[in-house]
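# Here is my input, please return the structure:
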Amino acid sequence: MTHSLNIVILAAGKGTRMNSDLPKVLHPLAGRPLLGHVLAAADALAPQRICVVYGHGGETLPQAIARPELAWALQAPQLGTGHAVQQALPHLDAAATVLILYGDVPLIRAETLAAMRAIADEGALAVLTVHLANPSGYGRIVRDAAGRVARIVEQKDASADELAIAEVNTGILAIPPGLLGGWLSRLKNTNAQGEYYLTDIIAMAVADGVRVVPCHPVAEWEVLGINSRAQLAELERRHQANLAAALLTAGVTLADPARLDIRGTLECGRDCTIDINCIFEGSVTMGNGVKVGAHCVIRNAVIADAVEIQPFSHIDGAEIGANSRIGPYARLRPGTVLAEETHIGNFVELKNAQVGFNSKINHLSYVGDATVGRRVNIGAGTITCNYDGANKHRTVIEDDCFIGSDTQLVAPVTVGKGATLGAGTTLTKDAPEGQLTLSRAKQITIAGWQRPVKSK
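Have a look, this model is predicted:
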């Protein structure tokens, strides 16, 4: 039987070892706050409600997450994990299965949580445990003579024999409907830390005849928590290695899987190639046969088939048509849409510009707030002067135009179909289609002129 699901995320810790004014669970991993990763796993289970227990950092946390459907419970003072869950009780449905998560354990998989929920829905208490080579700092799983989970003992309260146990508690629990409130009301703080331990409900479940079922993650990294910047850096690399492995399995060639950062989502077609030190942020989609050169930063982009992005290019909020070539050292800013077979070359910047089929902007140019037609060639050093100091204006360059080098197009201005602008032109009026338009100062030579020399 499947019950409705409530999820409690404990996120009240100070994170002293982070040495930061930012609440620990807001520190980013792969471009997303730690708590954001946990919420994503929670969302995948479609819970009836989610309650986040917060404390240190005050209102910084709910303001930063800003999800109106979340319930927030303040834990002040902080008297242990059991006390933290007590603060969430008023927000929970007594008839729901309850899943307890931690805001600083970001890589927990939704599949693992779904398996635990299924156990709790059937009336058993699911406990997520893991075997560690070095269990120091964790609560130990104590089993009875038959091998069943009997209780959890925290390290500060453990005997020498208990400290030798390698199986530890991750803290993640799935609790059957109708039982949590009663167990929490019976918690005592008679322990070495004077706190109300949530883990004490394991022994209560055993005493009440409720079956306790241990569950296990697919790997240790899934349940690792963050308490320091060093641990955050280690888990970042572990997470990136997982993402790289998935890309390799899907048929992407990575020059070096250890030198790749995905800070969002990256979807690749077949036979894509990514060189070293590339960063992908937000939502990036690449078609088949895309080649990304070294040291590129790509954010919120849609890249069609057979595009080649040469090294050191920055792409942000752009769409690139098939068989196009970008870079090196190109910058495509938000609102840029390139049609098929466009060429955007070195040190070219585009912003809010639409460029038509087979058009080329190959060298040292800025094209902003512009509509560029098909088969247009824009020479080196060309600038659309789109800003008058108060407002932005648009430049239109129609099909088959040739824009000479070192041209300034002072918007709003239109270059008609098939027009040519001579090199060095400053265009302040519309250029008629099919004709040559240019503006240049008269060239003169001054006879007998001598270059000044320094005074002695």
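
# Could you use CA atoms for every contact and neighbour count after this?
Will do.

# Tell me which stretches of the protein form helices.
Assigned by DSSP state H, the helices in the chain fall at 34-43, 60-65, 81-88, 110-121, 160-163, 180-185, 201-207, 229-249.

# Quick check: buried residues in the third one?
Yep, that's helix 81-88 we're talking about. 81-88 (16 or more other CA atoms under 10 Å).

# will you turn the helices of the chain into TSV that also has distance to V142 and mean pLDDT?
As requested, the helices of the chain are arranged in TSV below (distance: least, CA to CA, whole Å; pLDDT from 0 to 100):
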stretch	distance to V142	mean pLDDT
helix 34-43	28	98
helix 60-65	36	92
helix 81-88	19	96
helix 110-121	20	98
helix 160-163	7	94
helix 180-185	19	96
helix 201-207	10	95
helix 229-249	27	97
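
# So which of those is nearest T384?
Between T384 and the helices of the chain, the tightest spacing by CA to CA is seen for helix 60-65, at 38.3 Å.

# buried sites along that closest one?
So helix 60-65, judged by 16+ other CA under 10 Å, has buried residues 61-62.

# which residues make contact with it from outside it?
23, 26, 36, 54, 72 (CA atoms under 8 Å, 6 or more residues apart in numbering).

# of these, closest to G137?
When the contacts of helix 60-65 are compared against G137 (criterion: CA to CA), the nearest one is P23, at 21.6 Å.

# Next, count neighbours for A40.
A40 has 15 neighbouring residues, counting by other CA atoms under 10 Å.

# could you list every residue that touches it?
No contacts exist for A40 under CA under 8 Å, 6+ apart.

# Please report how far it lies from P62.
16 Å (CA to CA, to the nearest Å).

# Q435 now?
From Q435 to P62 the distance is 61 Å (CA to CA).

# cool, I298 as well?
29 Å.

# A145 too?
46 Å.

# cool, and R49?
For R49, the distance to P62 equals 16 Å [CA to CA].

# can you check S439 too?
59 Å.

# buried sites along stretch 155-173?
Neighbour-count burial for stretch 155-173 [16+ other CA under 10 Å]: 155, 158, 162-163, 165-173.

# just how off-centre is that stretch within its chain?
Mean-position distance between stretch 155-173 and its chain equals 34 Å (CA atoms, centre = their mean, to the nearest Å).

# Between the two ends of it, how far is it?
19 Å.

# and if you look at stretch 51-58?
16 Å.

# Please state the mean pLDDT value computed over that stretch.
If you average the pLDDT over stretch 51-58, you get 90.

# buried set for it?
So for stretch 51-58, counting by 16+ other CA under 10 Å, buried means 51-57.

# do the same with stretch 370-385
370-385.

# what do you get for stretch 20-30?
Those would be 23-30, for stretch 20-30 by 16+ other CA under 10 Å.

# Tell me the one of those nearest A118?
Nearest to A118 among the buried residues of stretch 20-30, with distances taken as CA to CA, is V25, at 27.5 Å.

# where's that closest one relative to N227, distance?
Distance from V25 to N227, by CA to CA: 10 Å.

# Residues in contact with both of these two, list them for me.
D104.

# Let me know the closest of the buried residues of helix 81-88 to T253.
T81 (44.9 Å).

# so that closest one sits right up against D200, yeah?
No - with contact defined as CA atoms under 8 Å, T81 does not count as touching D200 (10.2 Å).

# For K454, grab phi and psi.
Reported as degrees, to the nearest 10, the phi and psi values for K454 are phi -70, psi 140.

# and it, how many neighbours?
So K454, with other CA under 10 Å, has 4 neighbours.

# Next: T249.
By other CA under 10 Å, neighbour count at T249 equals 9.

# check contacts around it.
Going by CA under 8 Å, 6+ apart, the list of residues near T249 is empty.

# Tell me the spacing between it and G335.
T249 is 33 Å from G335, by CA to CA.

# Any idea what L332 is bridged to?
Beta bridges link L332 to I315, L350 when assigned by DSSP bridges.

# measure it to Q435 for me?
30 Å.

# what do you get for N386?
24 Å.

# Name the residue in those two with the higher neighbour count.
Neighbours were counted for N386 and for Q435 using other CA under 10 Å; N386 has more, 20 against 15.

# Could you verify my assumption that the more buried one touches H393?
Yes - look at N386 against H393 with CA under 8 Å: they come within range, at 5.0 Å.

# Give the bridge partners for P28, please.
P33.

# thinking it is in contact with L34, fair?
Yes - contact criterion CA under 8 Å: P28 and L34 qualify, at 5.8 Å.

# Specify the beta-bridge partners of R151.
V142.

# Make residue 1 into 17 and carry on from there
All right, first residue 17 from here; so that's R167.

# Against D291, how distant is it?
Distance from R167 to D291, by CA to CA: 50 Å.

# G98 too?
48 Å.

# for V121, same thing?
In terms of CA to CA, V121 sits 31 Å off from D291.

# Compare those two and say which is more crowded by neighbours.
Using other CA under 10 Å as the criterion, V121 and D291 rank with V121 on top: 23 against 20.

# Can you name the residues that contact the nearest residue to the more buried one once chain neighbours are set aside?
Excluding its sequence neighbours, the residue lying closest to V121 (CA to CA, 6 or more residues apart in numbering) is G241, at 4.4 Å. Applying CA under 8 Å, 6+ apart to G241 gives the contacts 120-122, 247.

# from those residues, which is closest to R275?
Using CA to CA, the contacts of G241 come closest to R275 at Q247, 18.8 Å.

# Can you report how many residues lie near the closest one?
The burial count for Q247: 13, using other CA under 10 Å.

# show me what contacts it?
Q247 sits in contact with G241, where contact means CA under 8 Å, 6+ apart.

# distance of it from Q326?
Taken as CA to CA, the span from Q247 to Q326 is 34 Å.

# Ok, R279 next?
21 Å.

# between those two, which one's more packed in?
Between R279 and Q326, counted using other CA under 10 Å, the more crowded position is Q326 (22 against 19).

# Which pLDDT value does the model give that one?
So Q326 comes in at 98 (pLDDT).

# Hmm, it is touching V306, no?
No - applying CA under 8 Å as the test, Q326 and V306 come out as separate, 10.8 Å apart.
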